[in-house]
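[1] Kindly return the folded structure for what I paste below:
(4 chains)
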Number of protein chains: 2
Amino acid sequence: MMDDTGSKESSATHGAYLTLRDMILTGALPASQKLKIEQLRTILDTGASPVREALSLLTSDMLVERIDQRGFRAAPANKANFEEILALRCTLEDLALRQSIERATPSWEENLVLVHHRMKKARDKGLAVFEEAHKIFHMALLANSGSPMLERFCSQLYDLNIRYRNLAARSSAYQQRDVSGEHDEIFEATIQGDADRASAALLQHYRLTGEYLARALDT
Amino acid sequence: MMDDTGSKESSATHGAYLTLRDMILTGALPASQKLKIEQLRTILDTGASPVREALSLLTSDMLVERIDQRGFRAAPANKANFEEILALRCTLEDLALRQSIERATPSWEENLVLVHHRMKKARDKGLAVFEEAHKIFHMALLANSGSPMLERFCSQLYDLNIRYRNLAARSSAYQQRDVSGEHDEIFEATIQGDADRASAALLQHYRLTGEYLARALDT
DNA sequence: ATGTCAAATAATATCGATAATGATGTCATA
DNA sequence: TATGACATCATTATCGATATTATTTGACAT
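    Numbering: from 1, shown residues only, chains lettered A, B, ... in the order given. The predicted structure follows:
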């Protein structure tokens, strides 16, 4: 069976995983919603086994909860959880960024230049494209930490945060701030090897959007 | 079908998960070993679906790796990975312990007294019993951090570390050190609310066993 | 009205079988 | 002897059907 999207990943399970993940991150599947196998089976047009396995995988990402003998549901969302994510993210990304700068190599820096450029270019290519470039940029900042697990944790937390961003406001109101300038500052400080300045800028970046989202979540 | 062990968890998937997890942690399933469904199916005496799903779940714990279209294998083990776990553990547990102490409540402290006592009692009840009490003690130290995710990360890392302990030495040589005294020091400092002393003792505790294990892994 | 129990219903968890895929070995050819 | 195409085998991924388990419904007694 060939994938008509031309995607390189050919596996019902993986396909279901990607789709469901996206649906939860974008809010198409609302928080705490019961996820019935049969229902998803028809949406994804596949068997029960791939759906079930995809849901198991999403459990690891903390996007889905499994209720023993009672199926699955989309992970609940609330302000406390959001703030926990924000705080953890600040701690872990601070650590990862500093380690990356500490161990800086030319190829890491060059890749950073590249993805930073791409992110700037992606600004007027639609939100979805920008979002992807944005994540790639942020992960590239941490990609030299020498600790794959730390990076994995950061990636997970990044996604969880994105989810809250989408839940709080489907609009791109968040773009109204001078986000681009903040990215530039993080980027410049990192390239210059100024860990303190880079980390401060990164945390500032997160906390500003955090405050904005926290307000949106109150309503 | 009733579970003859009388366990409260009645689910083929969950049973398979626990057994496989234990087999990997204890080294019964060696690192990097290919995990064939059929083979496990006979060992666990269950169908392919529960096995498959249990393996998916173990992927989240980083105890199993999934190779797309080529099945599963036990996560590889090497010194670099071990040291990464140790470093991350020190960072995260330090954080969690300090947060727990910061937010100390009587009930948290009382529970700590209880599990500390139980751990001491468990010393001469066999290694398996002690190991369980040991983990409960360490997790109880962090249980008041206010950040379930942080605690989850710590728990995961704890298990991964246990695995290396078992891989390095099935014997209880590790017990030869004055581990009990170290625990007491962590416990006392925590109860007294002395975060610096508690954290220092905790990290010392981890680093000592870390050095011991690192040596064992070299051979 | 209200609470309890049992049957009916809906959903999950699991099984056995089949299809799709990667690994292995063989053989003709250079 | 080395190499690449091809058939064979082993194993995974997936499907459809069944058994198990929760949830709902409604009758009945209080």
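[2] who's in contact with residue A:208?
    A:177, A:182 (CB atoms under 8 Å, 6 or more residues apart in numbering or on different chains). Every C-beta, even on glycine, is put in place using the N, C-alpha and C of the backbone.
[3] Low-confidence ranges, chain A, go.
    Applying pLDDT under 70 to chain A flags residues A:1-9, A:170-176, A:219.
[4] interface residues of it facing chain B?
    Chain A comes close to chain B at residues A:9-11, A:14, A:49, A:52-53, A:56-57, A:59-62, A:68-69, A:84-85, A:87-88, A:91, A:95, A:146-150, A:153, A:157, as judged by CB under 8 Å from any CB of the partner chain.
[5] Give me the PyMOL select line for those residues, limited to the buried ones.
    Entered in PyMOL, the line below selects the buried ones among the residues of chain A next to chain B, by 16 or more other CB atoms under 10 Å in any protein chain shown:
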select buried, chain A and resi 11+14+49+52+53+56+57+59+60+61+62+84+85+87+88+91+95+146+147+149+150+153+157
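[6] how near is the closest residue to DNA strand D within chain A to residue B:70?
    Residue nearest to DNA strand D within chain A: residue A:47 (2.2 Å; CB to the nearest atom of the strand). When CB to CB, to the nearest Å is applied, the distance between residue A:47 and residue B:70 equals 20 Å.
[7] more neighbours, these two?
    Taking other CB atoms under 10 Å in any protein chain shown, residue A:47 and residue B:70 do not tie; residue A:47 has more neighbours (13 against 8).
[8] Mind listing what's buried along the helix or strand hosting residue A:163?
    In the assignment (DSSP states H and E), residue A:163 maps to helix A:148-168. Buried residues in helix A:148-168, counted by 16+ other CB under 10 Å: A:149-151, A:153-154, A:156-161, A:163-165, A:167-168.
[9] again with stretch A:11-24
    Using 16+ other CB under 10 Å as the test for burial, stretch A:11-24 gives A:11, A:12, A:13, A:14, A:15, A:16, A:17, A:19, A:20, A:21, A:23, A:24.
[10] Same question for stretch A:26-43.
    For stretch A:26-43, burial by neighbour count (16+ other CB under 10 Å) applies to A:27, A:29, A:31, A:35, A:40, A:41.
[11] From residue B:198, how far out is the residue of chain A closest to DNA strand D?
    Remark: distance between residue A:47 and residue B:198 (CB to CB) = 52 Å.
[12] Now do the contacts for the residue positioned nearest the centre of chain A.
    With distances taken as CA atoms, centre = their mean, residue A:159 lies nearest the centre of chain A, 2.4 Å away. By CB under 8 Å, 6+ apart, the contact set of residue A:159 is A:21, A:25, A:61, A:63.
[13] do the same with residue A:12
    For residue A:12, the contacting residues are A:46, A:47, A:50, by CB under 8 Å, 6+ apart.
[14] try residue A:117
    Residue A:117 neighbours (CB under 8 Å, 6+ apart): none.
[15] Now with 10 Å, please.
    Contacts here follow CB atoms under 10 Å, 6 or more residues apart in numbering or on different chains; on that basis residue A:117 touches A:133, A:137, A:187.
[16] Which strand or helix spans it?
    Here residue A:117 is assigned to helix A:106-122, by DSSP H and E.
[17] Which residues of chain A lie near DNA strand D?
    Residues of chain A found near DNA strand D (CB under 7 Å from any atom of the strand) are A:11, A:12, A:13, A:46, A:47, A:48, A:49, A:50, A:53, A:69, A:70.
[18] In a markdown table: those, plus distance to DNA strand C and secondary structure.
    What follows is the residues of chain A next to DNA strand D, written out as a markdown table (distance: CB to the nearest atom of the strand, whole Å; DSSP: H, G, I helix; E, B strand; the rest coil):
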| residue | distance to DNA strand C | secondary structure |
| --- | --- | --- |
| A:11 | 8 | coil |
| A:12 | 10 | helix |
| A:13 | 12 | helix |
| A:46 | 12 | coil |
| A:47 | 9 | coil |
| A:48 | 5 | helix |
| A:49 | 6 | helix |
| A:50 | 11 | helix |
| A:53 | 10 | helix |
| A:69 | 5 | coil |
| A:70 | 6 | coil |
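[19] In chain A, which residue sits closest to chain B?
    Nearest residue of chain A to chain B: residue A:60, at 2.7 Å (CB to the nearest CB).
[20] Contact partners for that residue?
    By CB under 10 Å, 6+ apart, residue A:60 lies in contact with A:156, B:56, B:57, B:58, B:59, B:60, B:61, B:62.
[21] Give me the distance from stretch A:93-101 to the chain's centre.
    Chain-centre distance of stretch A:93-101: 18 Å, with CA atoms, centre = their mean, to the nearest Å.
[22] Same question for stretch A:61-73.
    Counting by CA atoms, centre = their mean, stretch A:61-73 comes out at 20 Å from the chain centroid.
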